[in-house]
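Chemist: predicted model follows, preceded by the sequence.
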Amino acid sequence: MSRPVVQVDAERRKLRRVPYADLVEEELDLGSATLVSVDVEDYYHEVPGGEEVFVRDGLPSNLARNTDRLLDLFAERDVQATFFVLSCAAPRVLTQLDRMVDEGHEIACHGHAHGRATWMKREDFREDIRRAKASLEDLTGQEVRGYRAPYFAVTEQSLWTVDEIRDAGFAYDSSVCPVKNFAYGIPDAPERPHRLRNGLIEIPLPQTKLLGYRFMVGGGFYLRVYPYWFTQALLRRRDHTLPRVFYLHTWELDDKRMNLWDLGVDLPGLHWKPRVMKWITTYNRRKALARFDRLLSRWRPGMPLGAVVRPHAPVAASTVDRRQSA
């Protein structure tokens with residue numbers, strides 16, 4: 001079986017890497033709020049080409065249903081959240097986008113095609129996020145101010161992304177993980193939200209230091225793989241002056257058999273650490289929603305990321321208004 005061609009351009013490897021700390025202007029006090037977020041994407045977006053296979057082969061999808069289940073949960077718990085929406089999937093959740101707007105949630109951007117920035121050329125990344133922002137604004141009539149990179153792929157190898165994110169018109173990003181593992185992370189990034197020198201506000205994903213290690217906590221795979229008591233312990237141990245960023249992917253509500261490997265799809269990206277990636281994306285899905293509900297019930301009230309960013313990044317002239325007046 002051939003391995004995928006996912007190597008970063010040779011020229012990019014030659015560039016001198018600037019420490020992330022050199023990009024930070026100041027740390028920000030955004031309080032200790034519970035910030036709730038959802039990455040709106042489907043299981044077939046796990047690798048490049050998944051969207052095309054879905055359209056071509058008619059793969060099964062519960063995206064709309066899963067998004068409604070989360071909206072119902074938030075309504076029951078009186079939670080407002082940020083939905084980081086993948087714009088290529090947005091036309092399939094138009095009813096849910098209307099619900100998000102009507103029910104007071106924030107719509108933010110997860111890119112267009114779920115590309116991994118560390119595998120992309122800079123110009124392709126630029127086109128992807130600008131296309132996604134414009135598409136979501138056209139669909140909702142609202143300015144999209146927040147961004148989260150697929151795979152949390154704002155890393156030490158892709159720090160050029162923060163300028164592209166800011167230049168695209170985003171006020172804040174929530175992609176940086178102050179850890180280091182085989183897929184992502186910037187271990188020297190501040191745990192506290194911070195403003196970069198280019199003006200972009202970064203809201204890092206939460207982690208807790210324990211026994212010399214940094215443990216990601218608060219959502220996704222980590223919510224599914226840790227015993228729930230360990231998640232609680234890590235959250236209690238965190239600095240209580242920091243916000244808690246909870247997150248879930250819509251596909252985590254699916255049955256574990258909803259994955260590209262078991263459906264017999266063959267794409268190059270599926271050959272990259274296949275056993276590990278299948279385990280990470282399917283393990284313990286059956287407990288994801290219930291555990292997320294327990295987090296929301298324990299750490300109240302839940303609010304969107306944009307709500308705490310707004311005082312530090314006042315709304316400028318909306319790109320929506322500028323397009324409409326053009």
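Modeler: Nice, I can see it.
Chemist: quick one: the helices in the stretch 1-150 of the chain, in order.
Modeler: Ranges of helices in the stretch 1-150 of the chain, per DSSP state H, counting those that start in this stretch, are 10-14, 50-57, 63-77, 94-102, 122-140.
Chemist: in the last one, what counts as buried?
Modeler: What that stands for is helix 122-140. Burial within helix 122-140, assessed by neighbour count using 16 or more other Cβ atoms under 10 Å, is assigned to 125-137, 139-140. To be clear about C-beta, it is placed using only N, CA and C from the backbone, and glycine gets the same treatment.
Chemist: what is the burial count for residue 116?
Modeler: Using other Cβ atoms under 10 Å, residue 116 has 22 other residues around it.
Chemist: residue 220 versus that one, what's the distance?
Modeler: 16 Å (Cβ to Cβ, to the nearest Å).
Chemist: ok, residue 298 next?
Modeler: 18 Å.
Chemist: got it, and residue 23?
Modeler: Separation of residue 23 from residue 220 (Cβ to Cβ) stands at 25 Å.
Chemist: do the same with residue 161
Modeler: The gap separating residue 161 from residue 220 is 20 Å, by Cβ to Cβ.
Chemist: tell me which of the two has more neighbours.
Modeler: residue 161 (23 against 20).
Chemist: what residues are up against that one?
Modeler: With contact set as Cβ atoms under 8 Å, 6 or more residues apart in numbering, residue 161 has these partners: 117, 125, 149, 153, 154, 175.
Chemist: and the pLDDT at the nearest residue to the third one once chain neighbours are set aside?
Modeler: Residue nearest to residue 149 in three dimensions, not counting chain neighbours: residue 175, with 3.9 Å by Cβ to Cβ, 6 or more residues apart in numbering. The model reports residue 175 with a pLDDT of 98.
Chemist: same question for residue 322.
Modeler: We have a pLDDT of 42 for residue 322.
Chemist: which residues sit against stretch 102-111?
Modeler: Here stretch 102-111 has contacts from 37, 39-41, 71, 74-75, 80-87, 97, 100-101, 128-129, 132-133, 136, 140, 142, 144-150, 170, 304-307, using Cβ under 8 Å, 6+ apart.
Chemist: let me know the pLDDT of the nearest residue to residue 182 once chain neighbours are set aside.
Modeler: In space, residue 182 comes closest to residue 273 once its chain neighbours are excluded; the distance is 7.6 Å by Cβ to Cβ, 6+ apart. pLDDT, residue 273: 94.
Chemist: what about residue 273, neighbour count?
Modeler: 12.
Chemist: from residue 70, how far off is it?
Modeler: Computed as Cβ to Cβ, the residue 273 to residue 70 distance reads 28 Å.
Chemist: not counting sequence-adjacent ones, nearest residue to residue 289?
Modeler: The shortest distance from residue 289 to any non-neighbouring residue, by Cβ to Cβ, 6+ apart, is to residue 253 (5.5 Å).
Chemist: to clarify, my last question referred to residue 47.
Modeler: Once flanking residues are discounted, residue 47 sits nearest to residue 269: 2.9 Å by Cβ to Cβ, 6+ apart.
Chemist: same question, residue 41
Modeler: Nearest non-adjacent residue to residue 41, counting by Cβ to Cβ, 6+ apart: residue 86, 4.4 Å away.
Chemist: the one you found contacts residue 114, correct?
Modeler: Yes: at 5.6 Å, residue 86 and residue 114 qualify as touching, with contact defined as Cβ atoms under 8 Å.
Chemist: what's the overlap in contacts for those two?
Modeler: In contact with both residue 86 and residue 114: 41, 45, 150, using Cβ under 8 Å, 6+ apart.
Chemist: thinking again about what came up before, might one say that the residue nearest to residue 289 is in contact with residue 285?
Modeler: Yes: Residue 253 is in contact with residue 285 according to Cβ under 8 Å; the separation is 7.2 Å.
Chemist: count the neighbours of residue 34 for me.
Modeler: Counted with other Cβ under 10 Å, the neighbours of residue 34 add up to 19.
Chemist: same check, this time on the one 3 residues further on
Modeler: By other Cβ under 10 Å, the residues close to residue 37 number 24.
Chemist: quick check: beta-bridge partners of it?
Modeler: For residue 37, the beta-bridge partners are residue 82, residue 247 (DSSP bridges).
Chemist: mind checking pLDDT for it?
Modeler: Among the per-residue scores, residue 37 holds a pLDDT of 98.
Chemist: ok, now which ones touch residue 241?
Modeler: Applying Cβ under 8 Å, 6+ apart to residue 241 gives the contacts 29, 31, 32.
Chemist: can you redo the residues you listed as CSV with pLDDT, neighbour count and distance to residue 107?
Modeler: As requested, the contacts of residue 241 are exported to CSV (pLDDT from 0 to 100; neighbours: other Cβ atoms under 10 Å; distance: Cβ to Cβ, whole Å):
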residue, pLDDT, neighbour count, distance to residue 107
29, 96, 12, 26
31, 94, 11, 23
32, 95, 13, 25
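Chemist: the residues you listed in strands, which ones?
Modeler: Using DSSP state E, no member of the contacts of residue 241 falls within strands.
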